[in-house]
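**Student:** Provide a 3D model corresponding to the input given below.
(2 chains)
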2 protein chains.
Amino acid sequence: METNLANQFLAKRTNGIRSSVIREILKITVQDSEFLSFAGGLPNPNLLDQNLLLTATEETIRNYSRVALQYGDSTGYESLRKRIQSDFVDVPVQTNRIFITHGSQQGLDLLGKLFLDVNTNLLLEDPVYLGALQAFSPYRPNMIPLSMEFDGPNLVELEKILSMQKIHCFYTNPSYQNPSTVTWSLEKRKVVASLLDQYGVILFEDEAYKYLDFKGLVFPSISSFRERLDLTFVLGSFSKIISPGFRLGWVVVPELYQKIFTNAKQGNDLNTNQFSQVVMDILLSHLDWKEHLSKIQSYYMKQKEHLVELLKFHLPEVRFEEPKGGMFLWTEYPNVTEGDMMKGIMEKKVVMVPGNEFRLVSTESAFFRMNYSFLPNQEMEEGVKRIVSVYRDIIT
Amino acid sequence: METNLANQFLAKRTNGIRSSVIREILKITVQDSEFLSFAGGLPNPNLLDQNLLLTATEETIRNYSRVALQYGDSTGYESLRKRIQSDFVDVPVQTNRIFITHGSQQGLDLLGKLFLDVNTNLLLEDPVYLGALQAFSPYRPNMIPLSMEFDGPNLVELEKILSMQKIHCFYTNPSYQNPSTVTWSLEKRKVVASLLDQYGVILFEDEAYKYLDFKGLVFPSISSFRERLDLTFVLGSFSKIISPGFRLGWVVVPELYQKIFTNAKQGNDLNTNQFSQVVMDILLSHLDWKEHLSKIQSYYMKQKEHLVELLKFHLPEVRFEEPKGGMFLWTEYPNVTEGDMMKGIMEKKVVMVPGNEFRLVSTESAFFRMNYSFLPNQEMEEGVKRIVSVYRDIIT
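**Tutor:** Residues are numbered from 1 along each chain as shown, chains lettered A, B, ... in the order given. Sure, this is the predicted structure:
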């Protein structure tokens, strides 16, 4: 009834708007502190040096208030754009091709707005990052899933899809993917770059987790192997390497689309938060980047090892590939359904994200995305124990 | 050629995307410091107490980093939402109906996304806030202009429009409007509220300038007089009363649309910058609000008086109504065209925004929006003198 009333007035595209179970879970776990959450993708705020941040904000207010407290360029704060270009981008571009967005999520929304008509063929990884589904689905493209292997897409399937229909855009998250932790091999990056060139496909390459390799490896982007640089957009983010609190991401935009991207960005929000951009720029200028990254990487690795040990010890039936970086385990629980597991663990006040949330077509198998970056060791153990008891109850 | 190449790949809605002359001008004036600009709508950053801001950021980092440096609720930081509800909203609502957005501009984009289909009838003031055109136009509604008088809309015309066709939404900026400075009388607010109820029209009420009355008056919102509270959205902003650097605005959303608004917000950018939300909340808790507002109001009034005196003295032909608040004069230059004036003043390195930028249908008359909040007195005088010389050259 209420829905019908609302529907009278809503635009058609709202049929495509998806909710996020993760965000609903996040809300529950914030309201009830007894909940142990493997659900969020929350970085640990303690990994950022507080004194450095204090210095950066003070410098911003004392020396840059004319810029930081004002409207700004819709493309972003130039000094920060330059820094991103020189330190975080591996495709050959000018500074004016870097756009700063309100998190890389905004980059996804803008790309959807610019490139997706109703029924436009959009290729997505299966499973796929849920935020991308939320960003793209209101534009109601025809979303096509692509099977993934542990080193990247199934190439036979990819080539079949590309040859059978006109694929307009391909969205991928090729390093330590959320949720599957799949990381494309160098080889597959090159092959796919060449296939996308051949078929004239636009690539949205989301590199949010690029720097989270446990051993400090940094894979070159798929885009860096493309010849059609006019058909490739690379998205990056400070959320996982500095903090999500500043909502700062970027998009590398081909020259051809700079003007329309600027105008779309203006329509969305005029410009990205200037205060945060200046703070970030100053923070980065003071930061010992290598040391900071290695602190993050080794913290995440330890957390991962702890969760892996707990699962191997308490629940050896659970299957997963050990990730090489990132913040998740992508686990399969045999002989149960996602629904039964979810019901059980919510009662025991522990949460993970059910795998079908990340799929266009549901599977029978029970997958769960488990985050290990947030819970301290003891709570992680307690959480695993609760999950074990639920699992044992169901299968016996 | 380049455009055609880009068009091959772009979504149809990009035909609707508009550029902003203001933002292009802003870019020029930033690059060339000899330019004197009456173009932007830039608040003066010196009106915010630096020490207070330092205190707020320090408190945020020391005591709230767990919240401020993390992802957050898509609806906004609760403490700030409560403050907005109690201090800035005059329609009877619960906290959970206040959504915090990345500037009120993002609120406009979200409302467009939720309510505007291709050819949906959208009623707009003539002239209209340019940012609203940029936010709404990608959704390609049928935009209908409504003639404005100095105390609000022409009611005869409004009733005729409403009775002749189904108007889905009406966007208005009823206090010290950008660009015209029109401020609706109490009487017209009541009459229009009742007409919108009668015809079942959704209202997007943009109150960005609500607190900028030179004498400290605060008009009740149109929405506060509506009975159909399910059909009314009120937008507000901290940009003009604290600083645009934080990109913080809000939307009061009817209960019926809370869920879909949350999901749309998630798709757009997950959540608004948490760091800025916490800083703003703490800043407001320490701020002597009355004193702060009266400082802003009297500063803007002095600036307005200075520009009015300069124009009356140097260029008595120019026509305008004296605004009662806000940051603009809406001036008409007789016997010239906007094009000739723009060409002339750009050569003399002074800028204003041509009136037709704010119109759906161009007029022959030459209107310019002149901002007075930004230029210091001497530069304002020099700017007016340059404009005078251009005007005299053209008409003689």
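**Student:** count the residues that sit near residue A:301.
**Tutor:** 18 (other Cβ atoms under 10 Å in any protein chain shown). No exception for glycine: its C-beta is placed from N, CA and C like everyone else's.
**Student:** gap between the residue nearest to it when sequence neighbours are not counted and residue B:296?
**Tutor:** Ranked by Cβ to Cβ, 6 or more residues apart in numbering or on different chains and with sequence neighbours excluded, the top spatial neighbour of residue A:301 is residue A:214, at 4.0 Å. Residue A:214 sits 51 Å away from residue B:296, taking Cβ to Cβ, to the nearest Å as the criterion.
**Student:** residue numbers of the stretch 151-300 of chain A in contact with chain B?
**Tutor:** Proximity of the stretch 151-300 of chain A to chain B (Cβ under 8 Å from any Cβ of the partner chain) is limited to residues A:168, A:202, A:230-231, A:239, A:243-247, A:256-257, A:259-260, A:262-264, A:266-276.
**Student:** list the ones among those residues that fall in helices.
**Tutor:** Among those, the members falling in helices (DSSP state H) are A:259-260, A:262-264, A:266-269, A:274-276.
**Student:** which of those lies closest to residue A:70?
**Tutor:** Taking Cβ to Cβ as the measure, residue A:70 lies nearest residue A:274 of those, at 6.2 Å.
**Student:** make sure that closest one is actually in contact with residue B:248.
**Tutor:** No. In this structure, residue A:274 is not within contact of residue B:248 by Cβ atoms under 8 Å, at 11.9 Å.
**Student:** and the two? which has more neighbours close in?
**Tutor:** For the pair residue A:274 and residue B:248, the greater number of neighbours falls to residue B:248 (31 against 26), based on other Cβ under 10 Å.
**Student:** measure the nearest residue to the more buried one once chain neighbours are set aside to residue A:58 for me?
**Tutor:** Distance criterion Cβ to Cβ, 6+ apart; nearest residue to residue B:248, sequence neighbours excluded, is residue B:238 at 4.6 Å. Here the criterion is Cβ to Cβ. By it, residue B:238 lies 21 Å from residue A:58.
**Student:** filter the residues of the stretch 151-300 of chain A next to chain B to the buried ones?
**Tutor:** Among these, those classed as buried by neighbour count (16 or more other Cβ atoms under 10 Å in any protein chain shown) are A:168, A:202, A:231, A:239, A:243-247, A:256-257, A:260, A:262-264, A:266-276.
**Student:** so for the biggest strand by length in chain A, mean pLDDT?
**Tutor:** Determined from DSSP state E, the single longest strand within chain A is strand A:142-149. The average pLDDT for strand A:142-149 rounds to 97.
**Student:** that one pairs with which strands, and in what direction?
**Tutor:** strand A:121-126 (parallel), strand A:152-153 (antiparallel) (DSSP bridges).
**Student:** residue A:388: which of these is closest?
**Tutor:** It is, among these and with distance given as Cβ to Cβ, strand A:121-126, at 28.4 Å.
**Student:** following element in sequence after the closest one, please.
**Tutor:** Beyond strand A:121-126 on the C-terminal side, the first helix or strand identified by DSSP states H and E is helix A:130-136.
**Student:** now check that following helix, is it near chain B?
**Tutor:** Yes. Applying Cβ under 8 Å from any Cβ, one finds helix A:130-136 touching chain B at A:131, A:134-135.
**Student:** helix, strand or coil for residue A:281?
**Tutor:** Of the three states, residue A:281 takes helix under DSSP: H, G, I helix; E, B strand; the rest coil.
**Student:** near the residue lying closest to it once chain neighbours are set aside, how many other residues are there?
**Tutor:** Leaving out its chain neighbours, the residue that sits closest to residue A:281 by Cβ to Cβ, 6+ apart is residue A:80, at 4.2 Å. Residue A:80 has 25 neighbouring residues, counting by other Cβ under 10 Å.
**Student:** please state the offset of the strand or helix carrying residue A:299 from the chain centre?
**Tutor:** In this structure, residue A:299 sits in helix A:289-314 according to DSSP H and E. With Cα atoms, centre = their mean, to the nearest Å as the basis, helix A:289-314 stands 19 Å off its chain's centre.
**Student:** now do that helix: which elements does it pack against?
**Tutor:** Contacts defined by 3 or more Cβ pairs under 8 Å, 6 or more residues apart in numbering or on different chains; DSSP states H and E place helix A:289-314 against strand A:328-333, helix A:377-395.
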